[in-house]
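Trainee: got a sequence here, can you model it:
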Amino acid sequence: MKILILIVFFISAILSLNAQEALTTFGITYKPMLSGGFINESENVESEGGVKYLVPKQFGYNLGMVVRKGFNKTFSLETGITYTQRNFSLQVNDESRDFDFKQDFGVVGYELPILGLVYIQLDQRIFMDASFGGGLDIFPSDVALFSPENQVVMEGRRNSWVMAFLSANIGWEYRTPKSGIFYIGGTFHRPFGPIYSYLMEYDYDAQDPLVQPVRLLQIVNGNYLTLDFRYFFHEDPEKRLKRKKKN
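Mentor: Okay, here's the model as predicted:
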């Protein structure tokens, strides 16, 4: 309930702004995430007692609604709400016992961004834009993972249910006369702190008292780099003005 109230207040505050060019554009966005290797993030391999433990980032995605509020032909504000799926891969290797385990899992989140946009017109219908801003990441739950015979147990705990972030974006859009706006670009997303802590316990044989379980902890940030695909529905400012006068 608290999250719903926060979402409604956040979006209502943006839409209530008065713009010089009274044009509000609604759209949809899909942003596939690139794995950590594409942004030169090192894969931190933890090792204890000959057991290696790794949680690398995998491909994920961001999907949701976008609202753009225009001030003039150069500046706009953009907000919305998106569903985020961050994917990881738990990998555990024990060479001495020839044990190797790998399983993918995901972390669900929601984003409430607010970005300032600047446009540069390149052609009659082609525009380049750059944006910068921040917002809130919301994480609704923790995660857990178990191997088939419970040799590996992992618990991922969110460090906070809400986390502030910074975001930077650059892209290009094609504005059609009647069919809306088609956009392609890229975004870098960086939370202010780590989002989850993953604690792994490995016990090769729980029935053998001589086998000591191995516990390892890894702190995970929520950085990601995406390709952005957006579509904004057509909105005619002249018709919008006529509706206002009529009302």
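
Trainee: and the longest strand anywhere in the chain, C-alpha only, in CSV?
Mentor: Selection of the longest strand in the chain by residue count, based on DSSP state E, yields strand 99-121. This file holds the C-alpha atoms of strand 99-121, laid out as CSV (Å, rounded to 0.1, in the frame of the first residue of the first chain):
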residue,chain,number,x,y,z
PHE,A,99,31.5,-31.0,-7.6
ASP,A,100,30.3,-28.3,-10.0
PHE,A,101,27.0,-26.5,-9.6
LYS,A,102,25.4,-23.7,-11.7
GLN,A,103,22.0,-22.2,-11.6
ASP,A,104,20.5,-19.0,-12.9
PHE,A,105,18.1,-16.8,-10.8
GLY,A,106,16.6,-13.4,-11.0
VAL,A,107,15.9,-10.4,-8.8
VAL,A,108,12.7,-8.4,-9.4
GLY,A,109,12.5,-4.6,-8.9
TYR,A,110,10.5,-1.5,-9.9
GLU,A,111,11.9,1.9,-10.9
LEU,A,112,10.4,5.4,-10.5
PRO,A,113,12.7,7.7,-12.6
ILE,A,114,12.7,11.4,-13.2
LEU,A,115,15.0,12.7,-15.9
GLY,A,116,15.7,16.0,-17.6
LEU,A,117,16.0,15.8,-21.4
VAL,A,118,17.8,18.1,-23.9
TYR,A,119,17.1,17.8,-27.6
ILE,A,120,19.3,18.5,-30.7
GLN,A,121,17.5,18.5,-34.0
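
Trainee: and the helix or strand following that strand with strand 99-121, angle?
Mentor: Proceeding N to C from strand 99-121, the next assigned helix or strand is strand 126-138, under DSSP states H and E. Relative orientation of strand 126-138 versus strand 99-121 (axes from the mean of the first three to the mean of the last three CA atoms, to 10 degrees): 130 degrees.

Trainee: may I see the buried residues of strand 126-138?
Mentor: Buried residues in strand 126-138, counted by 16 or more other CB atoms under 10 Å: F127, D129, S131, G133, G134, G135, L136, D137, I138. Using the backbone N, CA and C atoms, a C-beta is placed for each residue, glycine as well.

Trainee: bridged to the first one, which residues?
Mentor: Read that as F127. Bridge pairing for F127 (DSSP bridges) gives the partners Q121, E173.

Trainee: for it, give me its contacts.
Mentor: Y119, I120, Q121, W172, E173, R175 (CB atoms under 8 Å, 6 or more residues apart in numbering).

Trainee: and the residue sitting nearest the centre point of the chain, what's its pLDDT?
Mentor: The residue lying closest to the centre of the chain (CA atoms, centre = their mean) is T84, at 4.7 Å. On pLDDT, T84 comes in at 96.

Trainee: I'd guess it is in a strand, am I close?
Mentor: Yes: according to DSSP: H, G, I helix; E, B strand; the rest coil, T84 belongs to a strand.

Trainee: my guess is it contacts N62. True?
Mentor: Yes: taking contacts as CB atoms under 8 Å, T84 lies within contact range of N62: 5.0 Å.

Trainee: any residues in contact with both of the two?
Mentor: E111.

Trainee: out of the buried residues of strand 126-138, flag the one nearest to G80.
Mentor: G135 (9.5 Å; CB to CB).

Trainee: pretty sure the closest one is touching S167, no?
Mentor: Yes: counting by CB under 8 Å, G135 touches S167, with 6.8 Å between them.

Trainee: thank you, goodbye.
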